[in-house]
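K.L.:
Take a look and give me a structure for this.
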Amino acid sequence: MPLKSGAEPAIHPEVSARRRKTYAFTDPLGSSDPAGTRRRIRHALALIYGAAAPSLCLAVLTDGGPLSQRLATGTTMAVAAAFALVMLAWRRAPDLVLLAGFPLAALTVSSIAVLDPPLALTPMFYVWPLMIAAYFLQRREIVVTYAMVCASFGAVSVWALDDGPRLMQWATVAIVGGVLVLFVGALSSRLDDLVGRLRTLSREDPLTGALNRRALIERLETELSRAGRTGGSCAVAVLDIDHFKDINDRYGHATGDEALRRVVRAISGRLRRDDALGRLGGEEFAVVLAGADATDAEAYGEELRVRVARAAAAGGTPFTVSVGVAANHRPAEATADGLLAAADAALYRAKRAGRDSVRAA
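P.N.:
Model prediction:
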C-alpha cells in the first residue's frame with residue numbers, strides 16, 4: 001500500500017457504524033462510556049415514573065371522588081408504571097423514546113397535581129425532570145422540557161385552582177425551574193470542560209503535545225487489531241535524536257525542549273489521518289503507520305530523517321535523528337510490544353551504524 005501524504009484510508013465498517021447520526025447526550029462523568037450514559041438515563045426516567053405510580057395508587061385507594069376521576073387516576077398510574085418498566089427493560093431504547101421521556105415526565109407531575117392534590121406540594125416534583133434534563137440533554141431539548149413544565153403547570157393552576165395566588169404559584173415554578181436548569185447546566189458544562197482537560201492530560205505529553213506512551217500503545221494495538229481482522233498491514237517508526245545530551249549540555253535544557261517540540265512539528269506535518277505520533281520517553285518518539293508495509297515504512301522513515309534535519313537546521317540548532325522501522329509481517333511483531341521492540345532494535349542498529357540513518361527490522 002503506497003504511503004502517500006494526505007491519503008484517505010477506507011472507512012472500516014465498524015467506524016462507519018460509530019459515525020451514524022445519534023443524539024449527543026451529555027454526561028461529563030461518563031462521556032467515554034455512551035452505553036453507560038444511556039443506561040443511567042433509562043434508570044433516571046424509570047425512577048421518575050416509578051415514583052409517580054405509588055402516589056397515584058394511593059390516590060386511587062383514598063380518594064372518594066367520582067368514578068371517572070378514579071379511572072383517570074388508575075389509568076395514569078398504569079401508564080407511569082408501564083413506562084418505568086419499559087425504561088428498565090428496554091436496553092436499546094431509541095433516542096426519540098429517551099428524549100420524549102423528559103417532557104412526558106413534566107406532564108406526569110402535572111397530572112399528579114390534578115389527580116392527587118394538594119397542588120401546593122407539586123412544584124418540588126418538577127425538580128427531578130428538570131435537573132436530569134439539564135445534565136443529560138442539549139440546550140434545545142432542555143428548553144422543551146422547561147417549556148412543558150411551565151405550560152402544563154400553568155394549565156393545571158387555571159384548571160385546579162378556583163381561587164388563590166395562581167400567578168404567584170406559576171411564577172414560582174417558572175423562576176425556580178429556570179434557575180435550577182441554568183445552575184445544573186452551567187455545572188455540567190464546567191464539569192465537561194474539566195473532564196476534557198483531564199482526559200487530554202492523561203493522553204498527551206505535556207511538553208510536546210504528542211501522545212504519551214500509554215496512549216500511543218493503545219493506538220498501535222487498535223491498528224494492529226484492525227490489520228489482523230482485515231489481513232492488512234501496520235508499521236511503526238521509532239526515532240531518536242542523535243547526541244541529545246550534547247544539545248542539553250551545550251545549549252541548555254530550554255534549547256533541548258525546543259528541539260523535542262521541533263521534532264514533533266516536523267513529524268506532525270507528515271501524518272495521515274489514521275497515523276499517530278507519540279513520545280516514548282526522553283528524546284525517543286514513535287509513529288504508528290496505519291496500513292503501511294515494511295517498504296512503505298522504510299521510505300517514510302527516510303523522509304522523516306530528512307524533514308527533521310531540515311527543521312533543526314532552520315531552527316538554528318542543527319541535529320539529526322536515527323530511525324528504526326518495523327511492520328507486522330512476523331508473529332512476534334503482531335503485538336504492540338513486539339512491533340515496538342523490533343523497531344527499537346532496528347533503531348539501535350542505525351545508531352551503531354553511525355547515526356543519522358534508517359534501518360528496518
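K.L.:
Check what pLDDT R226 gets.
P.N.:
R226 is assigned 90 on the pLDDT scale.
K.L.:
Now do the SS call for it.
P.N.:
Recorded secondary structure, R226: helix (DSSP: H, G, I helix; E, B strand; the rest coil).
K.L.:
Tell me the helix or strand right after the worst-scoring helix or strand of the chain on mean pLDDT.
P.N.:
When each helix and strand of the chain is scored by mean pLDDT, DSSP states H and E, helix 13-18 comes last, with a mean of 39. Using DSSP states H and E, the helix or strand that directly follows helix 13-18 along the chain is helix 34-62.
K.L.:
can you map out the strands along this protein?
P.N.:
Using DSSP state E, the strands found in the chain span residues 234-241, 276-281, 284-290, 321-327, 358-360.
K.L.:
So for L211, which of these sits nearest?
P.N.:
L211 lies closest, by CB to CB, to one member of the strands of the chain: strand 276-281, at 3.6 Å. (Glycine included, C-beta is placed from N, CA and C.)
K.L.:
Give me the buried positions along that closest one.
P.N.:
276-280 (16 or more other CB atoms under 10 Å).
K.L.:
So which residues make contact with stretch 210-226?
P.N.:
Contact partners of stretch 210-226, identified using CB atoms under 8 Å, 6 or more residues apart in numbering, comprise 12, 202-205, 232, 234, 236, 264, 274, 276-281, 285-286, 288, 290, 328, 334-337, 339-340.
K.L.:
Show me just the buried residues among these.
P.N.:
For those, buried by 16+ other CB under 10 Å: 204-205, 232, 234, 236, 264, 274, 276-280, 285-286, 288, 290, 328, 336, 339-340.
K.L.:
which regions of the stretch 51-200 of the chain lie under the pLDDT threshold?
P.N.:
63-65, 116-122, 160-165 (pLDDT under 70).
K.L.:
go with 80
P.N.:
Across the stretch 51-200 of the chain, the ranges flagged by pLDDT under 80 are 55-56, 58-70, 112-124, 157-167, 200.
K.L.:
ditto for the stretch 201-350 of the chain
P.N.:
In the stretch 201-350 of the chain (pLDDT under 80), the answer is 329-334.
K.L.:
The same query, at a cut-off of 90, please.
P.N.:
201-203, 206, 227-232, 269-274, 294, 315-317, 328-335 (pLDDT under 90).
K.L.:
leaving aside the residues next to it on the chain, what's closest to A44?
P.N.:
Take A44 and drop its neighbours on the chain: the residue closest to it by CB to CB, 6 or more residues apart in numbering is I132, 4.9 Å away.
K.L.:
G291 versus that neighbour, what's the distance?
P.N.:
I132 sits 44 Å away from G291, going by CB to CB, to the nearest Å.
K.L.:
cool, M148 as well?
P.N.:
As defined by CB to CB, M148 lies at a distance of 50 Å from G291.
K.L.:
for E283, same thing?
P.N.:
Counting by CB to CB, the gap from E283 to G291 is 28 Å.
K.L.:
ok, now S31?
P.N.:
Distance from S31 to G291, by CB to CB: 29 Å.
K.L.:
before we move on, what about R190?
P.N.:
R190 sits 40 Å away from G291, taking CB to CB as the criterion.
K.L.:
Then V263?
P.N.:
If you go by CB to CB, the gap between V263 and G291 works out to 23 Å.
K.L.:
With neighbour numbers in mind, choose between the two.
P.N.:
Between V263 and G291, V263 has the larger neighbour count (other CB atoms under 10 Å), namely 26 against 22.
K.L.:
Name the nearest residue to that one, ignoring sequence neighbours.
P.N.:
With CB to CB, 6+ apart, the residue lying closest to V263 is V308, at 5.6 Å.
K.L.:
Now do that neighbour: how many residues are near it, please.
P.N.:
V308 has 26 nearby residues by other CB under 10 Å.
K.L.:
shouldn't it be in contact with A266?
P.N.:
Yes: with contacts counted by CB atoms under 8 Å, V308 reaches A266, the gap being 4.8 Å.
K.L.:
And the longest helix belonging to the chain, what's buried?
P.N.:
Criterion DSSP state H: the longest helix present in the chain is helix 166-203. Of the residues in helix 166-203, 166, 169-170, 173-174, 177, 180-181, 184-185, 188, 191, 195 count as buried by neighbour count, 16+ other CB under 10 Å.
K.L.:
Next, the contact list for G50, please.
P.N.:
80-81, 84.
K.L.:
Next one: T335 relative to A341, how far apart?
P.N.:
The value you get for T335 to A341, if CB to CB is used, is 9 Å.
K.L.:
try D249
P.N.:
D249 sits 30 Å away from A341, going by CB to CB.
K.L.:
And I217, by the same measure?
P.N.:
From I217 to A341 the distance is 12 Å (CB to CB).
K.L.:
So those two - more neighbours on which side?
P.N.:
I217 (20 against 16).
K.L.:
which residues does the nearest residue to D192 once chain neighbours are set aside contact?
P.N.:
Here the nearest residue to D192 in space, its sequence neighbours aside, is P28; by CB to CB, 6+ apart that works out to 4.0 Å. Going by CB under 8 Å, 6+ apart, P28 touches 188, 191-192, 194-195.
K.L.:
a markdown table please, covering those and showing distance to S157.
P.N.:
What follows is those, written out as a markdown table (distance: CB to CB, whole Å):
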| residue | distance to S157 |
| --- | --- |
| S188 | 30 |
| L191 | 35 |
| D192 | 36 |
| L194 | 40 |
| V195 | 40 |
